[in-house]
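*Asks:* 3D, please:
(chains A and B)
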Amino acid sequence: MTPTYYLLLSALLFTIGAVGVLIRRNAIVVFMCVELMLNAVNLTLVTFARINGGLDGQVMAFFVMVVAAAEVVVGLAIIMSIFRTRRSASVDDSNLLKY
Amino acid sequence: MTVLEAAHTSLGGFLAQVTPIQAPEIDYAAILPMLIVLGAACVGVLFEAFLPRYQRWSWQVALTLLTLVGAGLALVVYLRDNPQQGVVTLAGVLSVDRPALFLWGTLLVLAFGAVLLIADRSVEPGGAFVSHAAVRPGTIQDRAQAARLGMQTEVFPLTLFALGGMMVFCASNNLLTMFIALEVLSLPLYLMCGLARRRRLLSQEAAVKYFLLGAFASAFFLYGVALLYGYANSVRLRDIAEAAAGTNRSDTLLYAGLGLLVVGLLFKASVGPFHAWTPDVYQGAPTPVTAFMAACTKVAAFGGILRVLTGAFQATSWEWRGVLWGVAIVSMIIGAVLGLTQTDIKRMIAYSSVAHAGFLLVGSIALTGEGLSGTLFYLLAYGFTTVAAFGVVSLVRTADGEATHLSQWAGLAKRSPLVAGVFTFLLLALAGIPLTSGFIGKFVVFSAALKDGMAPLVVVALLASAVAAFFYLRVVVLMYFSEPSPEGPTVSVPGSFTMVAITLGTVITFVLGVWPAFVLDWAGAGGFAFSTT
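*Replies:* Residues are numbered from 1 along each chain as shown, chains lettered A, B, ... in the order given. Predicted structure coming up:
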């Protein structure tokens, strides 16, 4: 099986994540879609490491995982605080700031 | 032969086969300013853990200000001892060259002003930050905490972490390091946006919007990095440039990677069509945080854009330049036209920052020595004007917080001629009137763009400046030629912190307007260094 299929799969996952961010309403789901995008990138990195025959891509995937974990901590804290205030995690309800 | 000896021999045999990894050379003197900032941020976290609540504020303020001064001194000492082009250290990952040192100096001084605004407790009793972020807005406990004098002092270490990230960001020669730095600078900013003492709903909403859009943009940045890694088998800027200079590799990977990478960078710099978060976040965040974000993030983001475009994509500039022309034009037009319709002063400055980002992009895509030094100068000048402007915005208040609606600013000159005078001067600097730093900044950037053959872009930029000048002057007219309403806002007398921050910004805006040669020389002292040896 050629590694190119993995690149296509990761591009597909990235697109699903990006579309999810744009169309989903719940802040948690939007955030999970961002995580899906980051993991699609990990798949790309690992595949390119395989194609190019180096280890850099695999090491980079670890860095991305650490960053994603840190982002979860900050992101869930922010989403929790707004959920406690509004009793809703819908991004459509956060509409005080506009124009 | 005992078991131990056997184990020893086999271990020795194993070690003999392993080639030792050469530890990279680290030039500690060069990266000392960055180490001081990041180290002090960790110390600040320890202060939060071990000091009693009532002592934290004074310790944190002292630590933060001393850190900025110390890092600045380390920078000056390094500059004095090393007049040459600069060094590439940490195995080629960080490059402490002249532009990086200029950006570091700019960031440190701007952060000093912003930290003074953050630490101020005279304008708003207790400071602009919430005393318990976990208390739900609108409850009895929330009213109690609004009256209490404490604040979440975590803001100070968060500021230092963000600053450390910015310093790494504009010095990194490696896209992975750049991504990590991008996150280190962004994550603290997301949190700081949500910590306002008053109007907490707006503040939390700003934090959520900034976080979701910021994470979305950094995913794009990262996918760009991954595709460029696939293209060049390396994430070093120099390697990507060499790979792009002449090969038969897939151009699709190169241009898709470049596009995604640049989208992430332009988002952080709040340029053009990627500006959607800017007005909301600038309006909702506590004003000192807005000042920090508007000045320092822009400096770091454009430092990164300049470095990436010069370092990795100079050879392919014919392919992408047209696209960035379009982006710059869109950014200038959006900033200037939408700025006209704003009724909130913070939102208006946010749209002005989108327009300024367009002007900065004009200088960044020139890719000449003049373009580089002009953009660096513009960043410094714009940063100081913005910090001072937000300092003034924090002074004009009603009983329930800052009076940011423009109608409340009517007749301000009759109540407080000095504040209105200073704000008028700052608005004229943003508009680019002569005798202010804004004029010199625009002049050097546009003349660099003209020399590089971008005359149509300069014409659009001049038109956009003219349109933008209209909405700055509208505020001036409102302050001087309208009658103040009886229940209008009061102008607080600033304490020493805010006073110093506003004075610093205003004086530098004026000095750079009449005597820019010194800073222009410094900005033009040398180009980027990318060598990986």
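
*Asks:* Show me which helix runs longest in chain B.
*Replies:* Longest helix in chain B, counting residues (DSSP state H): helix B:200-232.

*Asks:* on contacts alone, who are the packing partners of it?
*Replies:* When contacts are defined as 3 or more CB pairs under 8 Å, 6 or more residues apart in numbering or on different chains; DSSP states H and E, helix B:200-232 packs onto helix A:4-23, helix A:27-52, helix A:56-86, helix B:175-193, helix B:237-245, helix B:251-268, helix B:277-284. Bear in mind the C-beta positions are built from the backbone N, C-alpha and C, glycine included.

*Asks:* which SS state does B:Asn248 fall under?
*Replies:* coil (DSSP: H, G, I helix; E, B strand; the rest coil).

*Asks:* Burial check on it, number of neighbours?
*Replies:* Here the number of neighbours of B:Asn248 (other CB atoms under 10 Å in any protein chain shown) works out to 5.

*Asks:* Now do it against chain A, distance only.
*Replies:* According to CB to the nearest CB, to the nearest Å, B:Asn248 and chain A sit 15 Å apart.

*Asks:* B:Val507 too?
*Replies:* Here B:Val507 is placed at a distance of 33 Å from chain A (CB to the nearest CB).

*Asks:* Which element, helix or strand, includes that residue?
*Replies:* Using DSSP states H and E, the element containing B:Val507 is helix B:496-514.

*Asks:* Can you tell me which helices and strands whichever helix or strand comes after that helix packs against?
*Replies:* Remark: after helix B:496-514, the chain's next helix or strand is helix B:517-523, criterion DSSP H and E. The criterion is 3+ CB pairs under 8 Å, 6+ apart, and the helices and strands that helix B:517-523 contacts are helix B:369-393.

*Asks:* circling back to that earlier point, pipe the helices and strands packed on helix B:200-232 into CSV and attach distance to B:Leu108 and mean neighbour count per row.
*Replies:* CSV is the format used below for the helices and strands packed on helix B:200-232 (distance: least, CB to CB, whole Å; neighbours: other CB atoms under 10 Å in any protein chain shown):
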stretch, distance to B:Leu108, mean neighbour count
helix A:4-23, 35, 16
helix A:27-52, 32, 21
helix A:56-86, 25, 17
helix B:175-193, 14, 24
helix B:237-245, 24, 20
helix B:251-268, 19, 21
helix B:277-284, 23, 26
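
*Asks:* Can you lay out the ones you listed as a markdown table showing mean pLDDT and distance to B:Thr139?
*Replies:* Formatted as a markdown table, the helices and strands packed on helix B:200-232 follow (pLDDT from 0 to 100; distance: least, CB to CB, whole Å):
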| stretch | mean pLDDT | distance to B:Thr139 |
| --- | --- | --- |
| helix A:4-23 | 95 | 32 |
| helix A:27-52 | 94 | 22 |
| helix A:56-86 | 93 | 10 |
| helix B:175-193 | 95 | 21 |
| helix B:237-245 | 89 | 51 |
| helix B:251-268 | 93 | 35 |
| helix B:277-284 | 94 | 20 |
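
*Asks:* Distance to B:Ala133 added to the ones you listed, as CSV?
*Replies:* Converted to CSV, those look like this (distance: least, CB to CB, whole Å):
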stretch, distance to B:Ala133
helix A:4-23, 26
helix A:27-52, 18
helix A:56-86, 7
helix B:175-193, 9
helix B:237-245, 39
helix B:251-268, 25
helix B:277-284, 15
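
*Asks:* what's the spacing between the longest helix of chain B and its chain's center?
*Replies:* Its chain's average C-alpha position is 16 Å from that of helix B:200-232, according to CA atoms, centre = their mean, to the nearest Å.

*Asks:* Could you confirm B:Glu487 falls within a strand?
*Replies:* No: judged by three-state DSSP, B:Glu487 forms no part of a strand; its state is coil.

*Asks:* ok, residues contacting stretch B:48-57?
*Replies:* The contact list for stretch B:48-57 (CB atoms under 8 Å, 6 or more residues apart in numbering or on different chains) reads B:47, B:59-60, B:119, B:121, B:150-151, B:153-154, B:157.

*Asks:* From the residues you listed, list just the buried residues.
*Replies:* B:47, B:59-60, B:119, B:121, B:150-151, B:153-154, B:157 (16 or more other CB atoms under 10 Å in any protein chain shown).

*Asks:* between those residues, which is nearest B:Leu512?
*Replies:* Among those, B:Ala119 lies closest to B:Leu512 (CB to CB), at 25.4 Å.

*Asks:* My understanding was that that closest one contacts B:Trp59; is that so?
*Replies:* No: checked against CB atoms under 8 Å, the pair B:Ala119 and B:Trp59 is beyond contact range at 11.7 Å.

*Asks:* who touches B:Ser394 in this structure?
*Replies:* Counted by CB under 8 Å, 6+ apart, B:Ser394 has contacts B:117, B:120, B:123-124, B:128, B:287-288, B:402, B:498.

*Asks:* most neighbours, which of those residues?
*Replies:* B:Pro288 (32 neighbours).

*Asks:* May I ask which helix or strand encompasses that residue?
*Replies:* helix B:287-292.

*Asks:* Now for B:Val514, how many residues are close by?
*Replies:* Residues near B:Val514, counting by other CB under 10 Å: 11.

*Asks:* got the contact list for it?
*Replies:* Contact analysis of B:Val514 by CB under 8 Å, 6+ apart lists B:Leu435.

*Asks:* For B:Gly505, see how far away it is.
*Replies:* For B:Val514, the distance to B:Gly505 equals 16 Å [CB to CB, to the nearest Å].

*Asks:* ok, now B:Ala133?
*Replies:* 29 Å.

*Asks:* Over to B:Ala16?
*Replies:* Distance of B:Ala16 to B:Gly505, given as CB to CB: 63 Å.

*Asks:* So for those two, which residue has more residues nearby?
*Replies:* Shown here are B:Ala16 and B:Gly505; by other CB under 10 Å, B:Gly505 has more neighbours (29 against 7).

*Asks:* pretty sure the more buried one is in contact with B:Phe112, am I right?
*Replies:* No: contact criterion CB under 8 Å: B:Gly505 and B:Phe112 do not qualify, at 10.8 Å.

*Asks:* what are the phi and psi angles of the closest residue in space to B:Arg198 that isn't next to it in sequence?
*Replies:* The shortest distance from B:Arg198 to any non-neighbouring residue, by CB to CB, 6 or more residues apart in numbering or on different chains, is to B:Gly401 (4.0 Å). B:Gly401 has phi and psi values of phi 110, psi -160 when expressed as degrees, to the nearest 10.

*Asks:* tell me, how many neighbours does B:Gly401 end up with?
*Replies:* 17.

*Asks:* same thing with B:Leu406?
*Replies:* 18.

*Asks:* Next, count neighbours for the nearest residue to it once chain neighbours are set aside.
*Replies:* Excluding the flanking residues, the one nearest B:Leu406 by CB to CB, 6+ apart is B:Thr343, at 5.2 Å. Neighbour count for B:Thr343, taken as other CB under 10 Å: 11.

*Asks:* got the contact list for the nearest residue to B:Ala226 once chain neighbours are set aside?
*Replies:* Spatial nearest neighbour of B:Ala226, chain neighbours left out: A:Thr44 (4.2 Å); criterion: CB to CB, 6+ apart. Neighbouring residues of A:Thr44 by CB under 8 Å, 6+ apart: A:6-7, A:10-11, A:14, B:223, B:226-227, B:230.

*Asks:* With A:Val74 instead?
*Replies:* With CB under 8 Å, 6+ apart, A:Val74 has these contacts: B:187, B:190-191, B:211.

*Asks:* How about the contacts made by residue 94?
*Replies:* In the absence of a named chain, chain A is used. A:82, A:86, B:205, B:208-209.

*Asks:* nope, chain B please
*Replies:* Going by CB under 8 Å, 6+ apart, B:Leu94 touches B:31, B:88, B:168, B:171-173, B:177.

*Asks:* any chance of those in a markdown table, plus distance to chain A?
*Replies:* Output for these, formatted as a markdown table (distance: CB to the nearest CB, whole Å):
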| residue | distance to chain A |
| --- | --- |
| B:Ile31 | 19 |
| B:Val88 | 19 |
| B:Val168 | 14 |
| B:Ala171 | 18 |
| B:Ser172 | 13 |
| B:Asn173 | 15 |
| B:Thr177 | 9 |
